[in-house]
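Participant: Return atomic coordinates for the entry below.
(chains A and B)
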Amino acid sequence: NAGVTQTPKFQVLKTGQSMTLQCAQDMNHNSMYWYRQDPGMGLRLIYYSASEGTTDKGEVPNGYNVSRLNKREFSLRLESAAPSQTSVYFCASSDPLGTYYEKLFFGSGTQLSVL
Amino acid sequence: GENVEQHPSTLSVQEGDSAVIKCTYSDSASNYFPWYKQELGKRPQLIIDIRSNVGEKKDQRIAVTLNKTAKHFSLHITETQPEDSAVYFCAAAAKAAGNKLTFGGGTRVLVKP
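Facilitator: Sure, this is the predicted structure:
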């Protein structure tokens, strides 16, 4: 049971390049998320998917697209990278704790630098 | 939408002392308040949470308190140890917002031996 696996761990891009961050979970969770982590700003939600076939915008969706390929996989794409997208990206999936609350399981993160 | 403020941003304590981190939230409909711990270079992990129908919750050396009237909640770590050194994030969620978590900015805690 690997949990949440995301690749790559590190990436350097030039402004204008594109890339896709991959994420997969083996816990049979319905919900998956993409966050970015910047110093002093906590974890900000980019996009999420409540179930296979659905995706919704979070707090900071501009410049990103996502695909929920199947129940296990949720990818994040940067079409034209900008220096402002330099950040650490975390994928997460969630396990319902009860009627309304969900515990997040995070991947190990991707450190992205855009030059 | 929800806004979560977290203070302090950094906290240095002597081993064995207590550490307290405070968070305030803006949405009175928020009803779930988890805390995540992120060790250096690692992924965030849930360490404790509290729901709006409870005022305090303890788990060994950590405790959370919630004041719904004032819209703030706190994390208390007693008898701090070097392994408590990490970044701690508070968060809040409301059913009306689809239960999506809004995180505070994080507190870097350093426990000095």
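Participant: pLDDT below threshold where in chain A?
Facilitator: A:1, A:96-100 (pLDDT under 70).
Participant: residue nearest the centroid of it?
Facilitator: Most central residue of chain A, judged by C-alpha distance to the mean C-alpha position with C-alpha atoms, centre = their mean, is residue A:34 at 2.3 Å.
Participant: Report the separation between it and residue B:46.
Facilitator: Residue A:34 sits 18 Å away from residue B:46 when distances are taken as C-beta to C-beta, to the nearest Å. Backbone N, C-alpha and C define where each C-beta goes, glycine included.
Participant: What of residue A:27?
Facilitator: 14 Å.
Participant: the more surrounded of the two?
Facilitator: In terms of neighbours (other C-beta atoms under 10 Å in any protein chain shown), residue B:46 is the more surrounded of residue A:27 and residue B:46; the figures are 17 against 13.
Participant: Now do the same contact list for residue B:74.
Facilitator: B:20-23, B:64-65 (C-beta atoms under 8 Å, 6 or more residues apart in numbering or on different chains).
Participant: That one sits in which helix or strand?
Facilitator: Assessed by DSSP states H and E, residue B:74 sits inside strand B:72-77.
Participant: Next SSE downstream of that strand?
Facilitator: Once strand B:72-77 ends, the next helix or strand along the chain (criterion: DSSP H and E) is strand B:86-92.
Participant: Tell me the strands beside that following strand, with direction?
Facilitator: Applying DSSP bridges, strand B:86-92 is found paired with strand B:32-38 (antiparallel), strand B:102-103 (antiparallel), strand B:107-112 (antiparallel).
Participant: my read: residue A:4 touches residue A:94, true?
Facilitator: No. Under the criterion of C-beta atoms under 8 Å, residue A:4 is not in contact with residue A:94, lying 10.2 Å apart.
Participant: anything in contact with each of these two?
Facilitator: Common contacts of residue A:4 and residue A:94 (C-beta under 8 Å, 6+ apart): residue A:105.
Participant: follow-up on the earlier one: is it fair to say the residue nearest to the centre of chain A lies in a helix?
Facilitator: No. Residue A:34: not assigned to a helix; according to DSSP: H, G, I helix; E, B strand; the rest coil it is strand.
Participant: can you pull up the bridge partners for it?
Facilitator: Going by DSSP bridges, residue A:34 forms beta bridges with residue A:47, residue A:91.
Participant: Same check on residue A:110?
Facilitator: Residues in beta-bridge contact with residue A:110 (DSSP bridges): residue A:89.
Participant: thought it was touching residue A:8?
Facilitator: Yes. With contact taken as C-beta under 8 Å, residue A:110 and residue A:8 are classed as touching, separated by 6.1 Å.
Participant: between the two, what contacts are shared?
Facilitator: Common contacts of residue A:110 and residue A:8 (C-beta under 8 Å, 6+ apart): residue A:21.
Participant: These two: which is more packed in?
Facilitator: Taking residue A:110 and residue A:8 together and counting by other C-beta under 10 Å, residue A:110 has the greater number of neighbours (22 against 11).
Participant: Any figure for the gap between that one and residue B:73?
Facilitator: 30 Å.
Participant: just the strands in chain A please.
Facilitator: Taking DSSP state E, the strands of chain A run over residues A:4-7, A:10-13, A:19-25, A:31-37, A:43-49, A:56-57, A:64-68, A:74-78, A:87-96, A:102-106, A:110-114.
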